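S.K.: model the structure of this input:
(one chain, ligands or ions: 1)
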Amino acid sequence: MTVSEDRPLVSITTENACVDFPIFDAKSRSLKKTVMGMVGGNIASEARVPVIEALRDITLELGHGARVGLVGHNGAGKSTLLRLLSGIYEPTRGSAVVRGRVAPVFDLGVGMDPEVSGLENIVVRGLFLGMTRKQMEARVDDIADFTELGDFLRMPLRTYSTGMRVRLALGVVTSIDPEILLLDEGIGAVDAAFLEKSKRRLSELVERSGLLVFASHSDEFLRELCDTAIWMEHGRIVQHGDLDDVLRSYKGAAA
Ligand SMILES: Nc1ncnc2c1ncn2[C@@H]1O[C@H](COP(=O)(O)OP(=O)(O)OP(=O)(O)O)[C@@H](O)[C@H]1O
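M.R.: Here you go, the predicted model:
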């Protein structure tokens, strides 16, 4: 099978993309519904609500082979940017165009069914990440080995500990072939030895993927997976360039 020759080009292009979160409390939301119902859909322009400006004027051009880390303090907008790039959020203003099959890996547990077995969840989670059933069935044995969960793989997921779930999810996530890999940190609840084993698989996953954007607070992880970085603060891009340069400025600013 020749995948590489007809592999579509992957790219991410955003232009002055903004994402706002209007904050409704329960009362104003129900009030708005009432107003909308009465006037036929338009929200009265004087209906003012506080807005969190999570992303401001994000202009980006990333192509095949980009390995970009996202750094910035809590609340800087990293996760929101990943969600914008995955299509979960639409820009409130500006534009975001993403070409390529996106595998969003934000929450390792998403896309798992607690009532079915670990083995079945391997397939279910793979489908969720854009793989086909056939592709996942071919990978089940390898993933099962990696997790070291043994007979537990035949038990329903709800009987697993948090660490066991993370092992299963990591096994699936690191087995896929994404065109665009959007990775949010949070690969925490596993023991150190398993994390070490996962790092190798994660690096291999990144090698296979066409484009990576990875939000992380860990310099070590960023150095392992990325070569460039974007530093974000208050929803804006402060710096975009070589990973070491960006980390130096970011750390320098914090000092
Ligand atoms: N669903 C939401 N509703 C309202 N505000 C939100 C929502 N999601 C994020 N925000 C706000 O948007 C801003 C950016 O949040 P985001 O989660 O993108 O930051 P982050 O850089 O990923 O932070 P962290 O490093 O803590 O994960 C924050 O001010 C946050 O409070």
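S.K.: so which strand or helix has the nearest residue to residue 226 once chain neighbours are set aside?
M.R.: Excluding the flanking residues, the one nearest residue 226 by Cβ to Cβ, 6 or more residues apart in numbering is residue 69, at 3.8 Å. Just so you know, the C-beta spots here come from the backbone N, C-alpha and C atoms, and that holds for glycine as well. Counting by DSSP states H and E, the element that carries residue 69 is strand 67-71.
S.K.: what mean pLDDT does that strand have?
M.R.: Average pLDDT, strand 67-71: 96.
S.K.: so, low pLDDT: which residues of this structure?
M.R.: Applying pLDDT under 70 to the chain picks out residues 1-8, 25-48, 109, 186-192, 254-255.
S.K.: what does it have sitting close to the ligand?
M.R.: 21, 52, 54, 72, 74, 75, 76, 77, 78, 79, 80 (Cβ under 6 Å from any ligand atom).
S.K.: closest to residue 243 out of those residues?
M.R.: Proximity of these to residue 243 was ranked by Cβ to Cβ; the top entry is residue 72 with 13.9 Å.
S.K.: neighbours of the closest one, how many?
M.R.: By other Cβ atoms under 10 Å, 22 other residues sit near residue 72.
S.K.: what does residue 63 give?
M.R.: Residue 63: 13 surrounding residues under other Cβ under 10 Å.
S.K.: phi first, then psi, for it.
M.R.: Note on residue 63: its backbone torsions stand at phi -120, psi -180 [degrees, to the nearest 10].
S.K.: quick one: contacts for it?
M.R.: Residues in contact with residue 63 (Cβ atoms under 8 Å, 6 or more residues apart in numbering) are 9, 10, 11, 211.
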